[in-house]
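Student: The following comprises the amino acid sequence and a computationally predicted model.
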Amino acid sequence: MILLHTADWHIGQTFFEYDRKAEHLQFLAWLKNQIQRLNVDVLLIAGDVFDSPNPSAESQKIYYRFLYEITSANSDLQIIIIAGNHDSAARLEAPNPLLENMNITVRGIVKRTDDGDIDFNHLVIPLKKSGYCLAVPYLRQGDYPVADTYTQGVKAMYEAIFDTVRDREQPIIAMGHLQATGSEISENDRSERTVIGGLECVSPDAFSEKITYTALGHLHKGQRVSGRENVRYAGSPLPMSFAEKNNKQGVTLITITDTTNIERIVFDAPVKLLSLPAEPMPLNEVLQKIEELPVGEITETSPYLELKVLITEPEPSLRHQIEEALKTKSVRLARIAAITPKKETVTKTITYEELQTINPMDMANDIFKRRYGGEEMPEKMKDLLQSIIQEVER
């Protein structure tokens, strides 16, 4: 049995206001080719199909057209999809009656029996070739058995579902959309850190050693978890932020015979991410770096550009100067990161009475000095701020 594991498509994402439709279409065309070339039996999509719980009509069209085309070209292909935290569980699962006729199963909602108990059997999907898939979507509060912590609840959920197939001598595949302990997050990548909502990481111990393979989604870097070869994130097919620019995008191929062979297939993302310079530099040096960029027309495959500028004083014309320098360059400006020198600060606890005696102008001037290397606030700025303070006091 041959399975292909992918996740975190985020269809509909705009990258700093740039539409990524062409990039997603290129990935899906590549994915269709891989499925046919490798004669895949099961496609596992581990959540975050869409970037938003309310995807546009165009985003939905891309998704459903892919499902139709891939199942029409591969009549024996089985597809199992779970909802991620970016997806609307109900919206994703709504077309199930139609999709099941196409050998596609979606699990987004954790259902309950008439007695109010979790319907664990609903999350067990028989694999048409051999075995079972534990298709567990992103779990929210109330979706898992009663427990003291989120981690304990998720672990109890997987254990209970596994118990329903424990004694069957066939391959067992697990799916999940979560953050596992021992996994690596791209440095300063808010797109990954914030979506988990501050909940605790889930230990890989939640997945029984008897599970043949665990297909995870949520983290955008393809990787194994805590050294366990058969517990993996597929990663996102496109980099979702500049923090992910060095990730190798792709999918994971799992071949199950007498043994299990796991292989990474790399997808060469069509649009590159450039971050210049390596460390923040003053504006004049950044402009010199821009001069070194290639000249040419801007197209759908032109790289996205992030510039890191060291700021020691206010520079009102910063963006204008950069845009002028980029006019003939074949890159798309996505982000200007204005970075100020880090200063060590000494914090002091003050009372409420002391706070009331502080002059707002003194406070503003102090912040300005700390932010801009000890420089005094310009007189014009002081005058504007003073007029606002007087307006508030009136």
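Tutor: Sure, I can see it.

Student: Only the buried residues of stretch 380-392, if you could.
Tutor: For stretch 380-392, the neighbour count (16 or more other C-beta atoms under 10 Å) marks residue 385 as buried. (Glycine included, C-beta is placed from N, CA and C.)

Student: Just the CA coordinates for that stretch, please, in CSV.
Tutor: Once side chains and other backbone atoms are set aside, the C-alpha atoms of stretch 380-392 remain, and they are given as CSV (Å, rounded to 0.1, in the frame of the first residue of the first chain):
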residue,chain,number,x,y,z
LYS,A,380,8.6,69.9,15.6
MET,A,381,7.6,66.6,17.0
LYS,A,382,7.6,68.0,20.6
ASP,A,383,5.3,70.8,19.5
LEU,A,384,2.8,68.4,17.8
LEU,A,385,2.8,66.0,20.8
GLN,A,386,2.4,68.9,23.3
SER,A,387,-0.6,70.2,21.4
ILE,A,388,-2.2,66.7,21.6
ILE,A,389,-1.5,66.5,25.4
GLN,A,390,-3.2,69.9,25.9
GLU,A,391,-6.2,68.8,23.8
VAL,A,392,-6.6,65.7,26.0
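
Student: quick one: least confident helix or strand in this protein?
Tutor: helix 190-193 (a mean of 54; mean pLDDT, DSSP states H and E).

Student: From the contact counts, what lies against the next helix or strand after that helix?
Tutor: Scanning forward in sequence from helix 190-193 by DSSP states H and E, the next helix or strand is strand 213-217. In terms of contacts (3 or more C-beta pairs under 8 Å, 6 or more residues apart in numbering; DSSP states H and E), strand 213-217 is packed against strand 2-6, strand 42-46, strand 172-177, strand 228-233, strand 250-256.

Student: how does it look with 10 Å?
Tutor: Here strand 213-217 touches strand 2-6, strand 42-46, strand 78-82, strand 132-135, strand 172-177, strand 223-225, strand 228-233, strand 250-256, going by 3 or more C-beta pairs under 10 Å, 6 or more residues apart in numbering; DSSP states H and E.

Student: quick one: strands adjacent to it?
Tutor: Strand partners for strand 213-217, identified by DSSP bridges, are recorded as strand 172-177 (parallel), strand 228-233 (parallel).

Student: Just want the angle from the first one to strand 250-256.
Tutor: The reference is to strand 172-177. If you take axes from the mean of the first three to the mean of the last three C-alpha atoms, to 10 degrees, strand 172-177 sits at 160 degrees to strand 250-256.

Student: Distance from strand 172-177 to the middle of the chain?
Tutor: Here the centre of strand 172-177 is set off from its chain's centre by 18 Å, with C-alpha atoms, centre = their mean, to the nearest Å.

Student: Repeat that for the last one.
Tutor: Here the centre of mass of C-alpha atoms in strand 228-233, compared against the chain's by C-alpha atoms, centre = their mean, lies 18 Å away.

Student: Give me the average confidence score over it.
Tutor: Averaging the model's pLDDT scores along strand 228-233 yields 94.

Student: my read: residue 107 touches residue 87, true?
Tutor: No - assessed by C-beta atoms under 10 Å, residue 107 is found out of contact with residue 87, at 11.1 Å.

Student: got any residues that touch both of those two?
Tutor: Any residue near both residue 107 and residue 87 by C-beta atoms under 10 Å, 6 or more residues apart in numbering counts here, and that gives 47, 81, 93, 137.
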